[in-house]
Structures are given as structure tokens and as C-alpha cells.
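Asker: Please find the sequence and the predicted model below.
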Amino acid sequence: MPAGKQRQIVAFAKGRVQGVGYRAFCADEATLLGVTGYAKNLSDGRVEVVAEGDESSLRQFVERMREGPRWSRVEDVIYRWEEPAGAFAGFEVVI
């Protein structure tokens, strides 16, 4: 795969990931890695993250998602690759 090809992931973080700054953490990490998209809480306690960037940056982003912020306890992050929509100007926390 050529370097810099844009990809998209749809990821779900499970564990203690709500009420601990997880979405803001994702936004900060995404910005550092040049990844765009969003993070939002789901009613089942997970956080959904849709992110776009080059494959290398997205793989790093998933690793950071697995670590999470200090007060979180990330049990698992599952994700799938999708074709990028190119619809994101930055990374936002969805309320």
C-alpha cells in the first residue's frame, strides 16, 4: 500500500471509558497524529470513534486508544477498516 493513502477506521472502546476524559484524550491524540474524525459515548457504555488518516497514524491511534487516559480502564478496542469519506476537517468530541 502506498505511503500516505487515506484510510478510515470505525472503532469501539469498551471498559471504563465514559466519564474519565476518554473522548478528550482521543481528540488530543488524534490531533497529535494528524487524524480526523470524532468520538462519542454510546448508551451501552462504550465509546465509538470514527477516524481518518494514513494507515500508520491510525494504527498508532488505536494503540493510544487501548492505553486511554489515566483514570480509564480500557478492556478492549475493536475496529474495522473502511473507505474514507473525507468528511472531517478535524477531530471532535460529540456530546
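Answerer: Nice, thanks for sending it over.

Asker: how much space is there between the nearest residue to Gln6 once chain neighbours are set aside and Gly53?
Answerer: Beyond its immediate neighbours in the sequence, the residue positioned closest to Gln6 (C-beta to C-beta, 6 or more residues apart in numbering) is Pro84, lying 4.6 Å away. Bear in mind the C-beta positions are built from the backbone N, C-alpha and C, glycine included. Counting by C-beta to C-beta, to the nearest Å, the separation of Pro84 from Gly53 is 9 Å.

Asker: Asp76 now?
Answerer: As judged by C-beta to C-beta, Asp76 and Gly53 stand 22 Å apart.

Asker: Which secondary structure element is home to the spatially most central residue of the chain?
Answerer: What sits nearest the mean C-alpha location of the chain, by C-alpha atoms, centre = their mean, is Val49, with 4.3 Å. Taking DSSP states H and E as the definition, one finds Val49 inside strand 47-54.

Asker: buried sites along that strand?
Answerer: Val47, Glu48, Val49, Val50, Ala51, Glu52, Gly53, Asp54 (16 or more other C-beta atoms under 10 Å).
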